[in-house]
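*Asks:* Generate coordinates for the sequence data below:
(one chain, ligands or ions: 1)
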Amino acid sequence: MTGDGKIPFVDLVTPHLEIEEELVSVFRGALKTAGFVGGPMVEDFEWDFAEYCGAQYCVGVGSGTDALRFSLIAAGVQAGDTVVTVPNTFIATTEAISQAGARPDFVDIEERTYTMDPRRLQEYLETRCCLDRATGKLLNQQTRRPVTAIIPVHLYGQTADMDPILELAERHNLIVIEDACQAHGAEYFSSKQNRWMRAGSIGRAASFSFYPGKNLGACGEAGAVTTNDQGLAERVRMLCDHGQVRKYHHDIEGYNGRLDAIQAGVLRAKTVSGSRRTWPPPASQQGSTTRSHSISRKPMHILAIWKGISRCQKESQRKSSLCPCTPSWNFVSRDELSRKFSSHYPYSVPVGGVRISTR
Ligand SMILES: Cc1ncc(COP(=O)(O)O)c(C=O)c1O
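*Replies:* Here you go, the predicted model:
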């Protein structure tokens, strides 16, 4: 908080200065080992982040946009396909669709969540599309293009209403890629599965951005794909590394979209406890096949936000119509949210607001 009692919109300086030494030691570690691209810093981060999201695999990539584009291609979206998403998102969602060779079609958002409205999605799929009996594919009646995937965008730390979206996707044989670039740690209560699920573990794959201003931000560009689909994870790994599995064996044409090792180290420094943050690891730990990989409570200002959002989200969805009990609703403004979280996180607040119950 500043001297005049105001909370800066986003302060990216103070939180980094607080852990300056740890961040600098990441850079020193990279200098000592020349581990600039790939290697253990990236692998350790992938390991931790997969576990945090409740997904089996995580592949670090260059940005959230890369993560979306690679997820779509790896999931099988092809040139000429149509991918359904929402207009209320950052342009990267549709850039990724176009760059995968597909075309975006939009369905509107739900006033209650600001994310994809499952009823609009149903209307789109069932009144504007038809089944092509020859190919068994769903076609947009007007464009005659196959509709193959859906990207719900979890916005402002709040997930889309995923149960009905997944049900529609299953009914129409569509791939679901979560745009989780603004939803690190957000949780969704799935009535179907009767459990909380974390963003990144709900769709066929999910894409995250670690742009510096995100709730978990690097000190540069970074992103990740999480998934439970091993084949998809392997294809993303190839796509982001020039289509190679082994050095200079390029099975497909890929991209240069790898996660920078220093950024991976920065992300770990922000999420993993001090004892595990040293780099390079002590000789005793090097080459070990077993390692602990929980994300600890440090530093508080990052995890407080993750937890704050999750708690708020839980409270919101538990009491919303997504669950049996229905309270009255109020959209919490950024200012209110700042006040709510200021004791945990004095420097900035998550982008936008989240809904909490007024009861
Ligand atoms: C909803 C959404 N999708 C995708 C992106 C793209 O992420 P990046 O900037 O890391 O490419 C962003 C980032 O701003 C985003 O907010």
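*Asks:* Relative to the ligand, how far out is Arg103?
*Replies:* For Arg103, the distance to the ligand (CB to the nearest ligand atom, to the nearest Å) stands at 18 Å. C-betas here are computed from N, CA, C, even on glycine.
*Asks:* tell me the contacts of the residue nearest to Glu167 when sequence neighbours are not counted?
*Replies:* Setting aside the residues directly before and after it, Glu167 is nearest to Lys192 in space (CB to CB, 6 or more residues apart in numbering), at 7.6 Å. Contact partners of Lys192, counting by CB atoms under 8 Å, 6 or more residues apart in numbering, are Asp163, Leu166, Glu167.
*Asks:* And the host helix or strand of Leu23, what's buried?
*Replies:* Assigned by DSSP states H and E, Leu23 belongs to helix 20-33. Of the residues in helix 20-33, those buried by neighbour count under the rule 16 or more other CB atoms under 10 Å are Glu22, Leu23, Ser25, Val26, Gly29, Ala30.
*Asks:* What helices and strands are in contact with the next helix or strand after that helix?
*Replies:* Counting by DSSP H and E, the next helix or strand C-terminal to helix 20-33 is helix 40-53. Helix 40-53 sits against helix 20-33, strand 57-61, strand 223-227, helix 261-271, with contacts defined as 3 or more CB pairs under 8 Å, 6 or more residues apart in numbering; DSSP states H and E.
*Asks:* returning to that earlier point: over to the residue nearest to Glu167. Which of the three states is it?
*Replies:* Using DSSP: H, G, I helix; E, B strand; the rest coil, the structure places Lys192 in coil.
*Asks:* Tell me both backbone torsions, phi and psi, for it.
*Replies:* phi -60, psi -40 (degrees, to the nearest 10).
*Asks:* how close does it get to Asp66?
*Replies:* To Asp66, Lys192 is 31 Å away according to CB to CB, to the nearest Å.
*Asks:* If we look just around the ligand, which residues of this protein are in range?
*Replies:* 63-65, 89-90, 92-93, 153, 179, 181-182, 209, 211, 223 (CB under 6 Å from any ligand atom).
*Asks:* what is whichever residue of the stretch 201-350 of the chain sits closest to the ligand paired to in the beta sheet?
*Replies:* Closest to the ligand within the stretch 201-350 of the chain is Ser209: 3.2 Å, counting by CB to the nearest ligand atom. Following DSSP bridges, Ser209 is listed with bridge partners Gly223.
*Asks:* From Asp4, how far off is it?
*Replies:* Here Ser209 is placed at a distance of 32 Å from Asp4 (CB to CB).
*Asks:* Which one's more surrounded, the two?
*Replies:* A side-by-side neighbour count of Ser209 and Asp4, using other CB atoms under 10 Å, places Ser209 first with 30 against 5.
*Asks:* That one touches Cys181, doesn't it?
*Replies:* Yes. Here Ser209 reaches Cys181: they are 3.8 Å apart, a contact under CB atoms under 8 Å.
*Asks:* So for these two, which residues contact both of them?
*Replies:* Each of Gly64, Ala67, Ala92, Gly223 lies in contact with both Ser209 and Cys181 under the rule CB under 8 Å, 6+ apart.
*Asks:* List just the nearest of those to the ligand.
*Replies:* Gly64 (2.4 Å).
*Asks:* Count the residues that sit near that closest one.
*Replies:* 27.
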